[in-house]
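J.: coordinates for the following, if possible.
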Amino acid sequence: MNVKLNLDSSARVPISRQLAGQLETLIRSRQLSTGVRLPSIRQLATEHKISRFPVIEAYDQLTARGLIQAKHGSGYYVIQLPNEDAAVSSEDEFDRDRHDAQSPLLLSNGFIPELWRDVEGIAQVIKQVSRVDRKCLTEYATAQGELELRRQIVLRLRRLGIDTQAHQIVATQSASHALDLLTRMLVKPGDTVLVEDPGYFNLFQILRVQGARLIAVPRDERGPDIAELERLLKLHRPSVFVVNSALHNPTGGSLHSQTAFRILQLAEQYELTVIEDDVYADFQAVPTQRLAALDQLQRVVYVGGFSKTLSSSLRVGWVAAHPEIIQRMVDLKSLTGSTGTRLSECVIAALLERGTYRKHLERLRRMADRSLSDAQRRLHEAGWELHTASSAGYNLWARVPGVEDSALLAAWARQFDIELLPGSLFRPDGSATPWIRLNAVHLSDRRAQAFLEYTAEHARTAAVEAVLG
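T.: Numbering: from 1, shown residues only. Below is the predicted model of the structure:
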């Protein structure tokens, strides 16, 4: 079929992104309906006097977004969109692409694209909440957090096997804020705290500000190295261990059940408090093992949040813990003036109660899963090695064989207008590592693909040199 496209070779936006953006607009506006066969790669290239590569790249992007599907020997077809997918105007898409093309590609960042967020759903609920409850626009939130929000969090935790009640929940301004409050409560200057290596670099700084002494526990594909954990517990007698249970930042891995069980045995033996950071929990359609589910909040303090999935502007996290810890947190939160934002808490409670968030998550998981699968394939084809075969989310911890310091990868990336964070930032001691965090969502970008081709050539050269001795 003939598709009307307006491609501008003089624009700063790459042809492939113009193609993908305009075709996406036609699909989302239903001008290209479900089942329609798109022009062949050769046909589009010939009609617009361009090479086949940008057409292939555009079709790859649309496939990763779940808008089209390739049928072997037949071509590319538009597939059915979820009802909640909103139309995007071609003008908005072009402006967004133009802005993105002028900015570096943040290939190590920890966020999902704005297009993936349910902006319309959030906006509608904000209007409804503001109309129904005027006090949320003018009054302080309670120190523990809005009751309805805490009730909704209780329901979500039951899905993970964590049986708790609203009085065991305290809302915070983010998951990072929760970690900060817990650090102030549970860690005294000079205390030893166990952290994962690699791990969350903001956590390291929060602990250092409190004067903690950080000891690293290596993380492998099953979770923290249990033998090393036991050795460090005997040697240092730490007070706290902070661990990511599911979709670990930065490796993307999740705790195996046996590892989780052994961590809790050791916590009991050595009187250790375990802080379970589970901020990526909602990317899992099928939950894996949680420490808090095994422990039921006796020694485990559970931390969650909505910034990764819902909004980075509606800053709301939470802590689920033993009532004694919750009361201490409420007192500390009140003392520091961090009562939270009532509007944000009311809006998120409404999104949860009305099912809007559930529908958003279903769509978000589909898109994230497609991007993750596509990104892992691209990395494998480029000769990269993955630390863990991630099953959900978007964090990937990867390396290029032959490159011993990922700072070199960050330097190479700048040639392609890409910003990468060296893997050393994710280590408690800041030492060099060949591993680097990648955001799977952005690996379909043309700059990322060019970067992968460059590293693939280097990997092949290194392999030949290794064989030749």
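J.: show me what the lengthiest strand in the chain is packed up against.
T.: Using DSSP state E to define each element, the chain has its longest strand at strand 213-220. Packing partners of strand 213-220 (3 or more CB pairs under 8 Å, 6 or more residues apart in numbering; DSSP states H and E): strand 192-197, helix 201-209, helix 226-236. Every residue, glycine included, has its C-beta placed from N, CA and C.
J.: who does the next helix or strand after it pair up with?
T.: Toward the C-terminus, strand 213-220 is succeeded by strand 223-224 as the next helix or strand (DSSP states H and E). Applying DSSP bridges, strand 223-224 is found paired with strand 213-220 (antiparallel).
J.: which residues does the partner strand contact?
T.: Residues outside strand 213-220 that contact it (CB atoms under 8 Å, 6 or more residues apart in numbering) are 190-199, 204, 207-208, 224-225, 228-229, 232, 236, 238, 241, 248, 251, 253, 427-429.
J.: quick one: mean pLDDT over it.
T.: Averaging pLDDT along strand 213-220 yields 97.
J.: now swap in stretch 407-425 and tell me
T.: For stretch 407-425, mean pLDDT rounds to 93.
J.: CA atoms only for it, dumped as PDB, please.
T.: C-alpha atoms of stretch 407-425 as PDB (Å, rounded to 0.1, in the frame of the first residue of the first chain):
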ATOM      1  CA  ALA A 407      35.800   3.900  31.600                       C
ATOM      2  CA  LEU A 408      37.200   3.100  28.100                       C
ATOM      3  CA  LEU A 409      33.700   2.200  26.900                       C
ATOM      4  CA  ALA A 410      32.500   5.500  28.300                       C
ATOM      5  CA  ALA A 411      35.200   7.400  26.300                       C
ATOM      6  CA  TRP A 412      34.400   5.500  23.100                       C
ATOM      7  CA  ALA A 413      30.700   6.300  23.600                       C
ATOM      8  CA  ARG A 414      31.200  10.000  23.600                       C
ATOM      9  CA  GLN A 415      32.300   9.700  19.900                       C
ATOM     10  CA  PHE A 416      28.700   8.700  19.200                       C
ATOM     11  CA  ASP A 417      27.000  11.400  21.300                       C
ATOM     12  CA  ILE A 418      26.400   8.900  24.100                       C
ATOM     13  CA  GLU A 419      26.900   9.300  27.800                       C
ATOM     14  CA  LEU A 420      27.800   6.200  29.700                       C
ATOM     15  CA  LEU A 421      28.500   5.900  33.400                       C
ATOM     16  CA  PRO A 422      31.700   3.900  34.100                       C
ATOM     17  CA  GLY A 423      30.900   0.700  36.100                       C
ATOM     18  CA  SER A 424      33.200   1.900  38.900                       C
ATOM     19  CA  LEU A 425      30.400   4.200  40.100                       C
END
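J.: so how far is Tyr454 from Ala413?
T.: In this structure, Ala413 and Tyr454 are 9 Å apart, going by CB to CB, to the nearest Å.
J.: these two: who's more crowded?
T.: Ranked by neighbour count (other CB atoms under 10 Å), Ala413 and Tyr454 place Ala413 first, with 23 against 15.
J.: phi, psi for the closest residue to Glu453 other than its chain neighbours please.
T.: Closest residue to Glu453 apart from its sequence neighbours, by CB to CB, 6 or more residues apart in numbering: Ala382 at 6.9 Å. Dihedral angles of Ala382 (phi, psi; degrees, to the nearest 10) stand at phi -90, psi 0.
J.: okay, now Ala382: neighbour count?
T.: Ala382: 20 neighbours (other CB under 10 Å).
J.: could you list every residue that touches Ile436?
T.: Ser108, Trp397, Ala398, Arg399, Ser406, Leu409, Ala410, Leu420, Leu421, Pro422, Gly423.
J.: ok, 10 Å please
T.: Contacts for Ile436 (CB atoms under 10 Å, 6 or more residues apart in numbering) come out as 107-108, 198, 250, 384, 396-400, 403, 405-410, 413, 420-426.
J.: setting the sequence-adjacent residues aside, check what's closest to it.
T.: Take Ile436 and drop its neighbours on the chain: the residue closest to it by CB to CB, 6+ apart is Ser406, 3.9 Å away.
J.: residues contacting that neighbour?
T.: 108, 398-400, 413, 420-426, 432-437.
J.: repeat the analysis, applying 8 Å as the threshold.
T.: Here Ser406 is in contact with Arg399, Leu420, Pro422, Gly423, Ser424, Ala432, Thr433, Pro434, Trp435, Ile436 (criterion: CB under 8 Å, 6+ apart).
J.: quick check: the gap between it and Asp163.
T.: From Ser406 across to Asp163, the span is 42 Å (CB to CB).
J.: please apply the same query to Pro422.
T.: Going from Pro422 to Asp163 by CB to CB gives 42 Å.
J.: show me which of the two is the more surrounded one.
T.: Pro422 (21 against 13).
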